[in-house]
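J.: Sequence first, predicted coordinates after that:
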Amino acid sequence: MKTKFIIYLTILQISLGFVGCSNDDEPNEIEAPASNNEAILYKFDNQTFTHKLNLQLSVSDKAEDSLNLLDRLTLVYFNSTLEESEIWYFASGEGSDNKYRINWSLGQNEADVNTYDFEIVTLKIGSDEPYETSVSYRQIKVISVEFSAIRKLTPQDLNIRDYHEVVKYFGLKDN
């Protein structure tokens, strides 16, 4: 089961071109996410780290107890402190200053079935070596989407790399 999950996650990340960045030993808790029947928006403010960041996504406040984030599309966006607050990068490749690349992973927390561990890792461009320079993000946003909500969409219908377009399409409140 664990092997299937790892293979599934790897294939999903490669096929969609996702990547992320991080560096905290202690997971960061998040305020209640904005959500609707199709999508959930998680926000993490003021994240500074070197190489690895561990965050947690919670579904315990959701009415649907069986919600499994691993069975949904995960979209990750970040706003670097080097950029204006309205500029959002899709976490799939190089960081905003092109000095590092970003990878991310999502797994179910072993101690709490309603919590998911979200890890962001920064790596040197062109290698698997850790990027050892501190990285700062004004915000990191994770959007979890039901596959059924996007199954029939084309890139012309919805550009998932555009944070503002995704939030508007799913009617998510971004306060």
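T.: Cool, the structure landed.

J.: Distance check, the most centrally placed residue in the chain against residue 102.
T.: Centroid-nearest residue in the chain: residue 76, 3.1 Å away (criterion: Cα atoms, centre = their mean). Using Cβ to Cβ, to the nearest Å, residue 76 is found at 8 Å from residue 102. In short, each C-beta sits where N, CA and C put it, glycine included.

J.: Might one say that residue 88 is in contact with residue 78?
T.: Yes. With the criterion set as Cβ atoms under 8 Å, residue 88 and residue 78 qualify as a contacting pair; they are 7.1 Å apart.

J.: joint contacts of those two?
T.: Contact criterion Cβ atoms under 8 Å, 6 or more residues apart in numbering; residues bridging residue 88 and residue 78 by contacting each: residue 141.

J.: quick one: which of the two has more around it?
T.: Under the neighbour definition other Cβ atoms under 10 Å, residue 88 and residue 78 were set side by side, and residue 78 has more, 26 against 21.

J.: Quick check: which element contains that one?
T.: Secondary-structure assignment from DSSP states H and E places residue 78 in strand 73-80.

J.: next one: that strand to chain centre, how far?
T.: When distances are taken as Cα atoms, centre = their mean, to the nearest Å, strand 73-80 is centred 5 Å away from the chain's centroid.

J.: Mind giving me the packing neighbours of it?
T.: When contacts are defined as 3 or more Cβ pairs under 8 Å, 6 or more residues apart in numbering; DSSP states H and E, strand 73-80 sits against strand 89-90, strand 100-108, strand 134-145.

J.: Which SSE is immediately downstream of the shortest one?
T.: When you say that, I think you mean strand 89-90. Once strand 89-90 ends, the next helix or strand along the chain (criterion: DSSP H and E) is strand 93-94.

J.: Show me what that next one is packed against.
T.: Using 3+ Cβ pairs under 8 Å, 6+ apart, strand 93-94 is in contact with strand 100-108.

J.: And the helices in the chain, which stretches?
T.: With DSSP state H as the definition, the chain shows helices at residue ranges 2-16, 147-150, 163-170.

J.: In terms of mean pLDDT, which of those helices ranks lowest?
T.: By mean pLDDT, the lowest-scoring of the helices of the chain turns out to be helix 2-16, with a mean of 42.
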